[in-house]
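>>> Output the structure for:
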Amino acid sequence: MQKIFSNYSLWLSIIPFLIFIVFSLIIFSNWLVINRAKGLTFDDVAQIKENKVGLVLGTIKNLENGRINLYFKYRMDAAELLFKQGKVKYLIVSGDNSHEGYNEPLDMKQDLMSRGIPEDKIFADYAGFRTLDSIVRAKEIFQQNSFTIISQKFHNERAIFISQAKGFNVIGFNAQDVNKIDGLSVQIREYLARVKVLIDIYIINQQPKFLGEKIKIK
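Just a heads-up that it's a prediction; the model follows:
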């Protein structure tokens with residue numbers, strides 16, 4: 001019995017320290033990602049420089065209740081604006097296509113085509129399973145060293161962090177964000193994703209799930 005109480009006391013003393021470590025890591029990761037992306041994300045299309053290619057990061061089109069996912073809609077709005085303002089000449093739509101009936105790149109491509117963007121200006125990346133995959137494949141598959149990332153600001157910041165770690169020259173165009181209440185779960189996951197990206201880059205050297213043959217964007 002005394003041993004049980006001793007172990008219990010040990011855990012009581014360790015738990016606060018572990019909590020402190022976790023929260024410190026979250027705070028540091030968030031600070032580092034924001035700091036690295038400072039001055040590289042833009043809200044105003046008039047202020048962003050031109051790039052040959054815009055990389056649109058994927059997300060699900062429709063929510064479980066059938067409504068349009070506003071993260072998706074606003075990214076499509078931003079991609080359309082950049083293209084029609086001449087800030088990019090081509091778009092790579094990169095997302096998950098890992099199971100039947102779920103195809104982020106196809107949904108994005110069809111949406112952008114319905115807005116008048118020519119099909120031959122849109123390149124689909126069907127293996128953008130994670131942000132890291134999308135970023136690395138833009139270079140390794142689509143042969144782009146410099147490009148504009150299109151997503152919400154919090155997502156662009158993490159994507160820019162990955163890009164800089166890989167030696168790419170990128171900027172981000174910020175799509176409209178979703179209000180704090182509707183986007184709360186996404187914002188919480190983002191804090192954890194920023195911890196994970198440090199592990200991916202600096203500890204395990206995470207690589208894309210798939211690479212493959214190169215695709216030339218003329």
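>>> mind listing the helices for the chain?
Per DSSP state H, the chain carries helices over the ranges 2-37, 70-84, 104-114, 131-140, 153-166, 184-202.
>>> Could you export these as TSV, including mean neighbour count and distance to residue 174?
(Each C-beta comes from the backbone N, C-alpha and C, glycine too.) As requested, the helices of the chain are exported to TSV (neighbours: other Cβ atoms under 10 Å; distance: least, Cβ to Cβ, whole Å):
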stretch	mean neighbour count	distance to residue 174
helix 2-37	12	11
helix 70-84	20	7
helix 104-114	19	17
helix 131-140	23	15
helix 153-166	22	4
helix 184-202	15	14
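>>> Check the ones you listed for me: which has the lowest mean pLDDT.
The weakest mean pLDDT among those belongs to helix 2-37, with a mean of 81.
>>> ok now that one, how far from the chain's centre?
Distance of helix 2-37 from its chain centroid, counting by Cα atoms, centre = their mean, to the nearest Å, is 27 Å.
>>> could you give the angle of that helix to helix 184-202?
Here helix 2-37 runs at an angle of 90 degrees relative to helix 184-202 (axes from the mean of the first three to the mean of the last three Cα atoms, to 10 degrees).
>>> Determine the angle, from 0 to 180 degrees, between helix 2-37 and helix 153-166.
90 degrees.
>>> start to end distance for stretch 203-211?
The straight-line separation of the ends of stretch 203-211 (Cα to Cα, to the nearest Å) is 21 Å.
>>> Any idea how far it is from the middle of the chain?
Relative to its parent chain, stretch 203-211 has a centroid offset of 15 Å by Cα atoms, centre = their mean.
>>> Excluding its own residues, what touches it? List them.
Residues from elsewhere that reach stretch 203-211 (Cβ atoms under 8 Å, 6 or more residues apart in numbering): 127, 129-130, 132-133, 136-137, 140-141, 199-200.
>>> from the residues you listed, which is closest to residue 70?
residue 130 (21.4 Å; Cβ to Cβ).
>>> Can you tell me how far the closest one is from residue 196?
Counting by Cβ to Cβ, to the nearest Å, the gap from residue 130 to residue 196 is 9 Å.
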